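What follows is a predicted structure for the sequence shown.
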Amino acid sequence: MSNTENRALSEEELQELVAASDSGARTPSGMVGTLIAVVALLWAIFQVLLASPAAPYVLPGDLINNSRQIHLAFAIFLSAMAYPLFKSSPRDHIPWYDWILGLGGAFLAMYGYFFYEKIVGNGGLADASDSYYSLAGLIFLFIAAYRTLGPVMVALAVVFLCYVFFGSSEWVPDQIRWAGASLRKAMSHMWITSEGVFGIALGVSTKFVFLFVLFGALLDKAGAGNYFIKMAFGALGHLRGGPAKAAVVGSAATGLISGSSIANVVTTGTFTIPLMKRVGFSAEKAGAVEVASSVNGQIMPPVMGAAAFLMVEYVGISYVEVITHAFLPAIISYIALVYIVHLEAVKTRMPTIGNKVVSMAKTIGGMFAFFAGFALLCYATQYPVRAITSLFPDGSGWLLSLLLMAIYIGLIYLASQVEDLEPDDPNAAVVELPDLAKIYKSGLYYLLPIIVLVYFLMIERKSPGLSAFWATTLLFVILLTQKTLKAYFRGQPNPISRLREGFHDLITGMIDGSRNMIGIGLATATAGIIVGTVSLTGIGQVMADFVEFLSGGNLILMLIFVAILSLILGMGLPTTANYIVVSSLMVAVVQELGAQSGLVVPLIAIHLFVFYFGIMADVTPPVGLASFAAAAVSGGDAIRTGFTAFFYSLRTVALPFVFIFNTDLLLIDVTWAQGIMVFIVATIGILVFTAATMGWYFTKNRVWETVALLVIAFALFRPGFFMNYIQSPYDQVEPASFAQALGDAPAGSQMRVVISGPDFDTLEVKELTVPVNVPETDGADARLNELGFVLAELDGEQVLDEPMFGTDLSDALAGFDFYGDDPVQIASVQVAADQLPKELMFIPAFLLLGLITFLQMRRAEPVMEGEVA
């Protein structure tokens, strides 16, 4: 990487960098190039048909049932065609060994499809020959993953696979040794069944992720990416540090539909980084802003680097709930990043671009109004749709389609009244920033597919795959017709001839979408080996014991160690694989050790916790793939860029610790009014935290002011911490009175029961805090039965028998030994107390913030006349 530390790469080199990481650097010409394009196009067509409502009518049932195998076969074949295996491999033609690896890998991926009857006849397990074919399939998968994703993912999978085979050896420490598996058992688990490679992760890639990646590729091909960047620069480019602020907003917009941090960095960074350097940012700081912005795109709903769809399967909640919980931390994180670059610009008194004077407050207010208006538009769409559906129940689908087309044509007419947007040259002698009043019309119709997507996801509550199908279908129409319609409205001769260009754009966009999916398909398949190892060997418990040993049982230390392990496990992995790996290994650790320490956290909060730290591996040296990509654009030092980006990302590091202890931030069990207040307070909190870490508020902070700002931010994020010292949130109840307390508790309230007893594996006595939601039924006995509690008294102690099978309690207490010498018993019971509202802690926090604001404004330097704040 030494060459990228001294000079910025050329546009051609940057495109090769993105291609090498996201879509493959090999582009052979002639018949072979055509073949690759046709196969990629067929993959896209197959996935679109699979997601369509017509799938059962146009695709054979066996293709639908084995879609995961077909998905992986396409990915392995295209990886052999598009990605060179060695640095010395040719880029302009396919060597003979890649044909063998591509075709052989595709055949082995579809082994379960070709020999389905035989495998079913064997009870779904592998026989001797199946096991050898499966082992060969894993080898071909590893080769494909190596050429596409690099060595880290493969090395991690091989380590876990070695543990499957050799974990029973005597040289393996007793603490992590397991019984071991035969070749047949291991291969059945990893390749034949849906527990390993063809598990949930690859299923999500097949059903949902492909359509969203295709949607993003088509939207960018239509010109939306350039439109979003232009709009961001038009809105923010005139402010002090405007290019950096525009980079943040532009990256947020592209991150909505992208699954790649590196692609985000290079796509927006080629324009934003040179402009940031022009106004005074160093090469490292300019690159760091772009890295922090682009990586944050992976935590932004609706795609979240494909993690949102995986969370649906792993957590067991709806997609709408996942993106609802993830939305607020992502938004306030971006708000904080805009504030970070503002403070950087103010501290160094950076110049502005252009001669337009606009206040930051007015600009931010206008942007907030736009996003609020867009959200309101998406929400309000349901009312005319429902009215039409109720008036014309039989033909409403066709009528709504015609209405949508009429709106599209109207917006295309608006776009035709202005010139098409062309990418700007950031190195030009004079940079002309876009005029929003002139350019906004040119791309309003790009919002239509996004509105359709949001409508089906959030209002109709359709599946992500079906929602993306309808939004993608609209994009097909846009790509085919936009140039023809614009030519017609502009009065240009022979507009119908532009259909050929539209058709070419559509085909190219579909091929790009397929090539962008190669890495994700292989990442989810390879990560399935790690998931399969966890389910086969129970190594998750080993990880929990390891973290518990390191942390000494301290809750905060445990979370810090989990965060560090998530960072390490995520190094060098694409976002999707990153999340699968860290969630498979770390979620159970936080859940188990947290419950032992009295921390009862919803599962979605734990998944988001490990996800946030997993993606931070893209930022953090020494691997930091996004930081290296940004350094390649800026010509700065990659390591310094990574450390600066990590510093800018401190709010992304802090937020997971916040929402683990305060789930209000994830909008869990809050009303609309509470949600609005949480948003306002959390936004102020993150801005205060940013001012503290940057050492600048209205002027340079004094030491005590920085400490005070950190305390204020903590109080705004976790008011319950201070309130719990003033008044306990729970009343203690004697274990013997548990049944009576349960009968008296209001329905819907929550109790906490601490269970003590011998561990099933180690026989050592442990404690576990179990949350108990009081049922609606009346009477202690009825509530005990519904929850699954089987109580008995032994020597004055409240003893538990094994819970009723099938209840939540049975799952929660599965780690206890109910038949040993030591009993499992209730150690303590906590009942929710009538605590004062924790929000009262906001009052002293805001008073202290007001004092610091007053003191800093008195000594802050006045803004020069004509200078933009």
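Right, received. Where do you want to start?

how about low-confidence regions in the stretch 701-850 of the chain?
Counting by pLDDT under 70, the stretch 701-850 of the chain shows low-confidence ranges at 796.

can you give me the helices for it?
Under the criterion DSSP state H, counting those that start in this stretch, the stretch 701-850 of the chain contains helices at 703-717, 719-726, 738-744, 780-787, 808-812, 842-859.

Throw these into CSV and include distance to Ala638, thanks.
(Each C-beta comes from the backbone N, C-alpha and C, glycine too.) Rendered in CSV, the data for the helices of the stretch 701-850 of the chain read as follows (distance: least, C-beta to C-beta, whole Å):
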stretch, distance to Ala638
helix 703-717, 30
helix 719-726, 39
helix 738-744, 58
helix 780-787, 55
helix 808-812, 46
helix 842-859, 36
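
Tell me which of these is the most buried.
Mean neighbour counts were taken over the helices of the stretch 701-850 of the chain using mean count of other C-beta atoms under 10 Å, and the top value, a mean of 19, falls to helix 703-717.

In the chain, where's the longest helix?
Scanning the chain for the longest helix, with DSSP state H as the assignment, gives helix 499-537.

Check the average confidence over whatever helix or strand comes next after that helix, would you?
Toward the C-terminus, helix 499-537 is succeeded by helix 539-551 as the next helix or strand (DSSP states H and E). The predicted model assigns helix 539-551 a mean pLDDT of 78.

Pull out the buried residues from helix 539-551.
Of the residues in helix 539-551, those buried under the neighbour-count criterion (16 or more other C-beta atoms under 10 Å) are Ile539, Gly540, Gln541, Val542, Met543, Ala544, Asp545, Phe546, Val547, Glu548, Ser551.

worst-scoring helix or strand of this structure, pLDDT-wise?
Among the helical and strand segments of the chain, the one scoring lowest on mean pLDDT, DSSP states H and E is helix 2-6, with a mean of 42.

Now do the spatially most central residue of the chain, the pLDDT please.
Of all residues in the chain, the one closest to the mean position by C-alpha atoms, centre = their mean is Met304, 2.8 Å from it. Met304 is assigned 75 on the pLDDT scale.

mind listing what it touches?
Met304 makes contacts with Gln298, Ile323, Ala326, Phe611, as judged by C-beta atoms under 8 Å, 6 or more residues apart in numbering.

Throw those into CSV and include secondary structure, neighbour count and pLDDT, thanks.
Putting the contacts of Met304 into CSV (DSSP: H, G, I helix; E, B strand; the rest coil; neighbours: other C-beta atoms under 10 Å; pLDDT from 0 to 100) gives the following:
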residue, secondary structure, neighbour count, pLDDT
Gln298, helix, 30, 79
Ile323, helix, 22, 88
Ala326, helix, 26, 90
Phe611, helix, 29, 89
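
Count the residues that sit near the spatially closest residue to Leu709 that is not a sequence neighbour.
The spatially closest residue to Leu709, leaving aside those adjacent along the chain, is Ala692, at 3.7 Å (C-beta to C-beta, 6 or more residues apart in numbering). Ala692 is surrounded by 22 other residues when neighbours are defined as other C-beta atoms under 10 Å.

OK, contacts around Ala692?
Taking C-beta under 8 Å, 6+ apart, one finds Asn701, Thr706, Val707, Leu709, Leu710, Ala713 in contact with Ala692.

Hmm, Thr690 and the fifth one touching each other?
No: the pair Leu710 / Thr690 is not scored as a contact, 10.9 Å apart, by C-beta atoms under 8 Å.

Could you dump the buried residues of helix 539-551 into JSON lines with distance to Asp808 added?
Output for the buried residues of helix 539-551, formatted as JSON lines (distance: C-beta to C-beta, whole Å):
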{"residue": "Ile539", "distance to Asp808": "25"}
{"residue": "Gly540", "distance to Asp808": "20"}
{"residue": "Gln541", "distance to Asp808": "20"}
{"residue": "Val542", "distance to Asp808": "25"}
{"residue": "Met543", "distance to Asp808": "24"}
{"residue": "Ala544", "distance to Asp808": "20"}
{"residue": "Asp545", "distance to Asp808": "24"}
{"residue": "Phe546", "distance to Asp808": "27"}
{"residue": "Val547", "distance to Asp808": "25"}
{"residue": "Glu548", "distance to Asp808": "24"}
{"residue": "Ser551", "distance to Asp808": "27"}
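
returning to what we had before: name the element the residue nearest to Leu709 belongs to?
In this structure, Ala692 sits in helix 672-694 according to DSSP H and E.

okay, the angle between that helix and helix 703-717?
An angle of 160 degrees separates the directions of helix 672-694 and helix 703-717 when computed by axes from the mean of the first three to the mean of the last three C-alpha atoms, to 10 degrees.

quick one: helix 672-694 to helix 842-859, angle?
Here helix 672-694 runs at 40 degrees with respect to helix 842-859, directions being taken by the same axes, to 10 degrees.

pLDDT weak spots in this protein?
For the chain, counting by pLDDT under 70, the residues that fall below are 1-25, 255-261, 303, 305, 354-367, 424-431, 796, 861-869.

how's it carved up into domains?
Domain assignment for the chain by automatic domain parsing gives 12-202, 670-729+839-869, 730-834.

Out of these, flag the one nearest Gly598.
domain 730-834 (4.6 Å; C-beta to C-beta).

now that closest one, how far from the centre of its chain.
Relative to the centre of its chain, domain 730-834 is centred 36 Å away, using C-alpha atoms, centre = their mean, to the nearest Å.

now the end-to-end length of it.
Distance between the two ends of domain 730-834: 8 Å, counting by C-alpha to C-alpha, to the nearest Å.

which stretches of the chain form strands?
730-733, 750-758, 765-773, 791-794, 797-800, 824-832 (DSSP state E).

Distance of Gly540 relative to Leu202?
Shown here: Gly540 relative to Leu202, a distance of 20 Å by C-beta to C-beta, to the nearest Å.

typed the wrong thing, it's Trp43
As judged by C-beta to C-beta, Trp43 and Leu202 stand 14 Å apart.

Asp795 too?
On the measure of C-beta to C-beta, Asp795 and Leu202 end up 53 Å apart.

and these two? which has more neighbours close in?
For Asp795 and Leu202, the more surrounded residue by other C-beta under 10 Å is Leu202, and the numbers stand at 29 against 6.

Could you verify my assumption that that one touches Ala73?
No: between Leu202 and Ala73 no contact is recorded; they are 11.5 Å apart, counting by C-beta under 8 Å.

now the helices for the stretch 251-400 of the chain?
Listed in chain order, the helices found in the stretch 251-400 of the chain under DSSP H, counting those that start in this stretch are 261-278, 283-296, 307-315, 319-347, 360-380, 382-391, 396-416.

Report the angle between the shortest one and helix 499-537.
The one in question is helix 307-315. Taking the same axes, to 10 degrees, one finds that helix 307-315 is oriented at 30 degrees with respect to helix 499-537.

So what angle separates the directions of helix 307-315 and helix 319-347?
Using the same axes, to 10 degrees, the interaxial angle of helix 307-315 with respect to helix 319-347 works out to 130 degrees.

now do the second one
Using the same axes, to 10 degrees, the inter-axis angle of helix 283-296 relative to helix 319-347 is 160 degrees.

And helix 283-296, what does it pack against?
Counting by 3 or more C-beta pairs under 8 Å, 6 or more residues apart in numbering; DSSP states H and E, the packing neighbours recorded for helix 283-296 are helix 242-255, helix 261-278, helix 319-347, helix 625-634, helix 638-648, helix 650-661.

Could you point out which of the ones you listed sits nearest Leu411?
That would be, of the helices and strands packed on helix 283-296 and by C-beta to C-beta, helix 242-255, which comes in at 18.2 Å.

helices or strands up against the closest one?
With contacts defined as 3+ C-beta pairs under 8 Å, 6+ apart, the packing partners of helix 242-255 are helix 224-236, helix 261-278, helix 283-296, helix 319-347.
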